[in-house]
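Visitor: Predicted model, plus sequence, below.
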Amino acid sequence: MDYQYTKVSSIFFFRSTNDIMLLVILAIIPGIIIECYYFKIAILIQILLASLASVMFELFVLKLRKKEIYTYYFDFSPVLTGILLGLSLPAYSPWWISIIGSFFSIVITKQLYGGLGYNIFNPAMAGYAILLVSFPVLMTNWSFQNNLALLDTLSFKDVMSIIFFTNLEDYYKMISQFCEMPTFITQVTPLEQIRIHNKNILVNVTSFMSFLDNVAMYRHWILINCGFFIGGIFLLIKKIICWRISFSILLSLLSCYLFDFFYLKHDDVSPLIQLFLGSTMISVFFIATDPVTTSITKIGRIIFGGFIGVLIWIIRTFGGYPDAISFSILLANSLVPLIDHYTQPRIYGKIK
């Protein structure tokens with residue numbers, strides 16, 4: 001099978017693909033630094049594993065397809081895919097989780113469709129989703145990393161032992177032990193509390209002081225999301241990503257949470273705080289804005305983003321997964337051809 005290679009930059013941007021990828025990687029650094037502050041070196045190990053595996057799988061497939069590696073490889077897209085996948089994974093998950101996710105992201109989602117510019121689904125989210133379905137216990141237990149007191153007791157040797165030398169049975173035992181800890185908190189804990197209406201844990205936001213209490217309770221995740229938000233603003237200023245997608249996701253998600261908060265009264269968490277929980281900001285600015293898998297029309301991008309925001313709220317509120325980013329983006333990716341078909345602008349001089 002032979003494919004014709006088309007660079008993304010020639011379609012949407014005046015910058016080269018290399019420049020775009022490097023700027024996106026640069027913009028994501030503030031979020032990585034904050035995650036490293038809380039999750040220690042484990043998050044860097046996951047990023048490194050996923051990035052190296054993505055690059056190796058990219059090279060392997062290009063070699064099989066007898067493509068010129070220099071032309072196809074040095075756009076840094078597999079590195080960015082690996083970084084996004086590594087950031088999405090539980091920081092202390094086994095090493096082979098990163099390898100399997102990278103394989104599905106690069107080989108199945110990207111290269112089998114023809115490479116960069118031809119993939120229908122976002123590679124990082126497709127890899128993450130297949131891991132979430134295949135290994136739900138490993139992927140939904142953010143063990144260790146949010147229990148800060150526990151993290152301080154782990155040495156570098158302990159971290160390496162957990163990631164590289166713990167078999168699956170012992171890993172499950174370790175997860176169950178930590179989940180029984182009274183102060184144990186996980187990455188998805190705030191979203192899970194909201195989803196199951198645990199009003200005894202959540203703070204009732206009826207005053208400004210209660211709002212500040214909410215901020216203090218979720219400060220770790222708010223700060224992490226702020227790091228990605230700053231990087232997203234940088235990309236918007238540099239005109240690397242389309243503001244319509246990010247703006248429509250945040251607006252639709254905020255509208256849903258406001259409707260829920262004031263009308264349905266489904267939960268008592270401030271809608272503004274909910275925008276900074278889970279993986280919202282990295283998805284809004286770094287994943288959903290992938291130009292290959294989004295609509296090519298201006299109106300289509302607004303519809304695309306609005307659809308993602310509504311889906312995130314529906315799945316987080318009524319679904320089985322507290323953080324609904326990957327499924328929302330993948331479902332929206334599947335609708336892009338339909339959105340593009342019905343949002344084509346009228347050709348100048350042509351009567352509709």
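Guide: Thanks, I have the structure now. Numbering: from 1, shown residues only.
Visitor: ok, the residue nearest the centre of the chain to Trp95 distance?
Guide: The centroid of the chain falls nearest to Ser283 when counting by Cα atoms, centre = their mean (4.4 Å). Computed as Cβ to Cβ, to the nearest Å, the Ser283 to Trp95 distance reads 25 Å. Placement of C-beta: from N, CA and C, glycine included.
Visitor: and what of Lys40?
Guide: 16 Å.
Visitor: Then Tyr218?
Guide: Taking Cβ to Cβ, one finds Tyr218 at 30 Å from Trp95.
Visitor: Looking at those two, which is more packed in?
Guide: Tyr218 (20 against 16; other Cβ atoms under 10 Å).
Visitor: Can you verify my assumption that the more buried one contacts Leu275?
Guide: No. At 11.2 Å, Tyr218 does not count as touching Leu275 under the criterion of Cβ atoms under 8 Å.
Visitor: still on that earlier bit, name the nearest residue to the residue nearest to the centre of the chain, ignoring sequence neighbours.
Guide: Sequence neighbours aside, Ile325 is the residue nearest to Ser283 in space, at 4.4 Å (criterion: Cβ to Cβ, 6 or more residues apart in numbering).
Visitor: Might you report the residue contacts of that neighbour?
Guide: When contacts are counted by Cβ atoms under 8 Å, 6 or more residues apart in numbering, Ile325 touches Met125, Gly278, Ser279, Thr280, Ser283, Ile287, Ile312.
Visitor: would TSV of these with pLDDT, distance to Ile32 and secondary structure be doable?
Guide: Compiled in TSV, those are given as follows (pLDDT from 0 to 100; distance: Cβ to Cβ, whole Å; DSSP: H, G, I helix; E, B strand; the rest coil):
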residue	pLDDT	distance to Ile32	secondary structure
Met125	91	18	helix
Gly278	81	17	coil
Ser279	85	13	coil
Thr280	88	16	helix
Ser283	89	15	helix
Ile287	90	15	helix
Ile312	91	23	helix
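Visitor: any chance of these in CSV, plus distance to Leu253?
Guide: Shown next, in CSV, are the contacts of Ile325 (distance: Cβ to Cβ, whole Å):
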residue, distance to Leu253
Met125, 17
Gly278, 11
Ser279, 13
Thr280, 7
Ser283, 10
Ile287, 14
Ile312, 6
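Visitor: Which elements pack onto the helix or strand containing Ile314?
Guide: Here Ile314, judged by DSSP states H and E, is contained in helix 298-318. Helix 298-318 sits against helix 189-195, helix 243-259, helix 325-342, with contacts defined as 3 or more Cβ pairs under 8 Å, 6 or more residues apart in numbering; DSSP states H and E.
Visitor: for the ones you listed, which one sits closest to Leu87?
Guide: helix 325-342 (11.6 Å; Cβ to Cβ).
Visitor: tell me which residues of that closest one are tucked away?
Guide: Ile325, Ser326, Phe327, Ser328, Ile329, Leu330, Ala332, Asn333, Val336, Ile339, Asp340 (16 or more other Cβ atoms under 10 Å).
Visitor: any weak-confidence spans in the stretch 251-352 of the chain?
Guide: 265-267, 322-323, 348-352 (pLDDT under 70).
Visitor: and with 80 instead?
Guide: 264-270, 319-323, 345-352 (pLDDT under 80).
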